[in-house]
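Asks: take this sequence and fold it.
(chains A, B, C, D, E, F, G, H, I and J)
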There are 10 protein chains.
Amino acid sequence: MQNAVILINTDKGQVKAVAERLAEVEGISEVYSTCGRYDLVAIARTRDFESLAELVTGRLDRVSGIRDTETLNAMQVHSRHDLETMFSLGW
Amino acid sequence: MQNAVILINTDKGQVKAVAERLAEVEGISEVYSTCGRYDLVAIARTRDFESLAELVTGRLDRVSGIRDTETLNAMQVHSRHDLETMFSLGW
Amino acid sequence: MQNAVILINTDKGQVKAVAERLAEVEGISEVYSTCGRYDLVAIARTRDFESLAELVTGRLDRVSGIRDTETLNAMQVHSRHDLETMFSLGW
Amino acid sequence: MQNAVILINTDKGQVKAVAERLAEVEGISEVYSTCGRYDLVAIARTRDFESLAELVTGRLDRVSGIRDTETLNAMQVHSRHDLETMFSLGW
Amino acid sequence: MQNAVILINTDKGQVKAVAERLAEVEGISEVYSTCGRYDLVAIARTRDFESLAELVTGRLDRVSGIRDTETLNAMQVHSRHDLETMFSLGW
Amino acid sequence: MQNAVILINTDKGQVKAVAERLAEVEGISEVYSTCGRYDLVAIARTRDFESLAELVTGRLDRVSGIRDTETLNAMQVHSRHDLETMFSLGW
Amino acid sequence: MQNAVILINTDKGQVKAVAERLAEVEGISEVYSTCGRYDLVAIARTRDFESLAELVTGRLDRVSGIRDTETLNAMQVHSRHDLETMFSLGW
Amino acid sequence: MQNAVILINTDKGQVKAVAERLAEVEGISEVYSTCGRYDLVAIARTRDFESLAELVTGRLDRVSGIRDTETLNAMQVHSRHDLETMFSLGW
Amino acid sequence: MQNAVILINTDKGQVKAVAERLAEVEGISEVYSTCGRYDLVAIARTRDFESLAELVTGRLDRVSGIRDTETLNAMQVHSRHDLETMFSLGW
Amino acid sequence: MQNAVILINTDKGQVKAVAERLAEVEGISEVYSTCGRYDLVAIARTRDFESLAELVTGRLDRVSGIRDTETLNAMQVHSRHDLETMFSLGW
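Replies: Coordinates of the predicted model:
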C-alpha cells in the first residue's frame, strides 16, 4: 500500500463542498478539514505507486474548487496498526 | 475520536530515530517519513480533545531530535471508512 | 468552552464592514482590527469542539469580504480569569 | 482598555512552562496553547496604551523560554460583550 | 502624539499618484518612496491612539491604488528631537 | 537631507537597550519600538547620501544587540511639513 | 553539454498537458511530475550555454499552461555516468 | 555616479520584450536575463541620486510587462575598475 | 526505475566536498552544483521505490556537510530518451 | 564574457570587511553595499562559463564572513555599452 498526505487550500466558500467531492475520489481514504494554514488535509492510500501517481496528476488535478495542493508522499511507515490489512478490509 | 496531522522536521541525521520514537508515543497512530518540505508526518488519533491537547503540548514536545512541529487539528472528518471503529479495534 | 484565535485578511476597503459582519456571527466573541500583518483578529468561544468546527468550516467561510483566514485552535487555556463563567454570563 | 494579541513561539520543550510563566505576568489576561504555526497566543488587556507598551517592550521581553513574539495591537474592538466591565471586575 | 510606520505596496504604475494622495490624508505626516521590498513608507502622527485607529481602518483603507499595507504602530519613541512640539508647530 | 527607514530585530531581551543605543547614534533621528514583525524602526536623516552610507554600513553595523536590519532608503519625500528645516533646527 | 534543472508550477488542471508539451520542446531531456511544492521538474540538456539561454528565455517562456518557473543552471556536474555520451547517443 | 541593482519579474511570455524595452530606458546601463528567482536584473547607473529616484519611481514604473521590481540601491562601491570613467566614456 | 530530484543546501565552504561525497552514494546518479537558491541538485535513480526510501531516509541523511534537503519524488516521467535502459547500461 | 549577479548577506559587523575581501577576488568586477534585504551585491564577469563556475563554487565559498549567497547567472545581456570591450580593457 502506498500512502500520501495532501495539503490543500480551496477557493473561498468551498471548504465543505471540496471535502465532500474529495472523499468520493477513488484512492482518497480520509479528508480532514483542519485549522491552521491549510483548509483540508487528504490521506491517499493506493494499491501501489503507479495508482498514487495517477490519482495526484490526474483525478485530483481535475477536482473543482481546489486552489493549491502539496503532496507529501510517504516513503516509509511506522505504526503499531496493521494499516494495510485495516484499510483493505475497509475497501 | 479526535484526529490531527502533525508536520515535523527533525535534527540532522535523526529522521529514522525520531520516526521510531514517535511511533511509540501514546496517541500517535501512524508516522510517515515523507518527501518534500517535511521530514515526517505523524497522525494523532486520541479519544477526545483533551487527550490530544496533552499529547501535543506535553509528550510530543519532549521527544528528542525534533526541531519543529506544526499541528493541523482536524475539525471534521469525511471518509468512507469507519475510522473510529477501525482504530479502536486496533488499540 | 472551546476557544480559537482567527487571523484574517480582508478584501481592499472592507476592513470595517467585515469586522462588523463577523461580530454578528454566532460563536464569535470579539473582533479586533489590528496593526501588523493581519487586518482583523477574531476570538471564537463556542460551547464545544463541534460548534467551533461548524463555525469555522461553515458560517465563517461564507462571510463576504474575507480574503484569507488562519485558525489557531486553543488546546489549553491558562488564565487568572474564569473565562467560562464570564463569557457564559455575557451570553 | 487596550487589547493586543501576541503570537509566540517557545524554545523546544518549553511550551507548558512558558504558558504558565506568561499567565502570571501583569497585563496578560489569557494564554492559549494553540495548534498551527504558533505555540502560544497570549491576549494582553491593559488599562491604557502606555501600560501595553511597558508590558511588550519590558516584562514580556524578559520572560525566559520565548524564542519569538509578534504583537498584533488592537486598534478597534467589535464585540457584543462589555469586555471592559467583564475584565475589570475580574481584576 | 501617536506615531506609526506604514509599509505600502501600490498597484503597478501608481507609485507617484498614491504617494501624492497619501500626503493629503489627514494624520499622514510624511510619505517616502523607497527602494527595497516596499514602494512607499508613510509616517502617521496623530493626536492620540483613537485618531490613529480611525486613520488606518478608515481613511487609509479607502485610498485607491494601494495593494497592501502593514502598519507598525509605535509603542515607545526614543529621540533627541522634541517631535511632539516640532510636528504640532507644523500643523 | 537624505532620509531612510530602518527595520530592526534585536537579540532577545535587548529591545529597550538597543533602542537607547541607537538613539545616540549620529544620523539616527528617531527610534520607535513597534508592534508587528519588527522590534524597532529607526528613522535616519543625514546631510547627504554619503553620510547615510557611512551610517548604515559602518556605525549601525557595529551597534551590539542587533540581529537583523533592512534599510529602506527614501528616494523622494512627500510632506506638508518642511522636514529639512524642522530637523536642521533641531540639530 | 550544459545542464539545468527547471522547477515548474502549472495552471490548475494542466499538469499532464504541460508535461507532454514540455517533453516535445527541443533541449528538454526529461520532465518529471513530482510531489511536493512543484508540479513538474524539467531537465534541460543543451549543446552549450547559448542554446540553454535561448531555450529558457524563448521557447520555454512561450509554452502555455505554465504559471511559474525557476531555472537552476548547473555550473559543475559530478557523476559516475558519462552523461555527455549517453545523452548525445540518445539524440 | 549612482548605481542600483533592480531585481525584476515580468508577465508570462514577456521576458525578452521587457529586457529590450528596459535596455532603451535612460539610466539603465545593462539588463541581464537571469536564471533563478528573478527573470531579469537591470543595472541602473545615473549621474546622481535624484536621477535615480526619477528613473525608479517614474520611467521604470511605466514600462509595460513588468510584474514586480525590487530596487537595491548601492550605498558604496568597491571595484578595481574606474566605473565612473568607463561608463561616462561609453555614454 | 524510480527517479527523484533532491534540492540541497550545504554548510558554508562545503559545496565541492558535499558534491563529491554525494556522487559516491549508491543510488545518486548525478550531482549538479547550481546557481540560484540551492547549492546542489542531486538526481536519484533507483531500482524501485523501496530503494529510494532507503537512500533518502538513510544514506543521504548521514552525509556530512548537508544543512537542508528537499526531495521531489517523481511520479511520472516524460522523455524522448529511454532513461531506464541508458542508466542501467551505465551501472 | 560571462556575467553573474551575486546577492550576499554577511555575518554581523562584517559588511565593509567582506566587501573589501570580495573586491580582491579574481573574477569579481564590482561590489556594491546595498540597502534592502541584502548587505552586498557583487557582479562577476569572467572569460567563460567554466571560470564563473570555479569562482562561485570555489573562491567565493571560501571568503570568510559571508553567511548566504544566491547567484543569478546571466543568460543574455542587453546593453547599449560594449561591456566586453570595456571590462577587458580594464583588466
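Asks: can you pull the contacts of the residue nearest to A:G27 when sequence neighbours are not counted?
Replies: In space, and not counting its chain neighbours, A:G27 is closest to A:L55: 4.2 Å by CB to CB, 6 or more residues apart in numbering or on different chains. All C-beta atoms are positioned from the backbone trio N, CA, C, and that covers glycine. Residues counted as contacts of A:L55 (CB atoms under 8 Å, 6 or more residues apart in numbering or on different chains) are A:V25, A:E26, A:G27, A:I28, A:A44, A:T46.
Asks: among those, which are in strands?
Replies: In this view, the contacts of A:L55 that belong to strands under DSSP state E are A:I28, A:A44, A:T46.
Asks: closest to chain H among those residues?
Replies: Proximity of these to chain H was ranked by CB to the nearest CB; the top entry is A:A44 with 30.7 Å.
Asks: off-centre distance for stretch A:50-60?
Replies: Stretch A:50-60 has its C-alpha centroid displaced from the chain centroid by 10 Å (CA atoms, centre = their mean, to the nearest Å).
Asks: span of that stretch from start to end?
Replies: Distance across stretch A:50-60, first residue to last, is 14 Å (CA to CA, to the nearest Å).
Asks: report the buried residues of that stretch.
Replies: Taking 16 or more other CB atoms under 10 Å in any protein chain shown as the neighbour-count basis, stretch A:50-60 is seen to contain the buried residues A:S51, A:L52, A:A53, A:E54, A:L55, A:V56, A:T57, A:L60.
Asks: give me the neighbour count for A:D48.
Replies: A:D48 is flanked by 10 other residues according to other CB atoms under 10 Å in any protein chain shown.
Asks: any idea how far it lies from A:L60?
Replies: Noted for A:D48: a distance of 17 Å to A:L60, by CB to CB, to the nearest Å.
Asks: how about the helices in chain A?
Replies: Using DSSP state H, the helices of chain A run over A:15-24, A:49-54, A:83-90.
Asks: need the residues that contact the last one.
Replies: Where contact means CB under 8 Å, 6+ apart, the residues beyond helix A:83-90 that reach it are A:M1, A:N3, A:S29, A:R45, A:V77, B:E30, B:R80, B:H81, B:D82, B:M86, B:F87, B:G90.
Asks: re earlier: and the buried ones among the contacts of A:L55, selectable in PyMOL?
Replies: Command for PyMOL that selects the buried part of the contacts of A:L55, burial taken from 16+ other CB under 10 Å:
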select buried, chain A and resi 27+28+44+46
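Asks: nearest to D:V15 among the contacts of A:L55?
Replies: Comparing those against D:V15 with CB to CB picks out A:A44 as the nearest, at 31.3 Å.
Asks: quick check: bridge partners of that closest one?
Replies: Legend: beta-bridge partners of A:A44 under DSSP bridges are A:A4, A:I28.
Asks: contacts only, for it.
Replies: A:Q2, A:N3, A:A4, A:V5, A:I6, A:G27, A:I28, A:S29, A:L52, A:L55, A:V56, A:T71.
Asks: please redo it, this time with the cut-off set to 7 Å
Replies: A:A44 makes contacts with A:N3, A:A4, A:I6, A:G27, A:I28, A:S29, A:L52, A:L55, as judged by CB atoms under 7 Å, 6 or more residues apart in numbering or on different chains.
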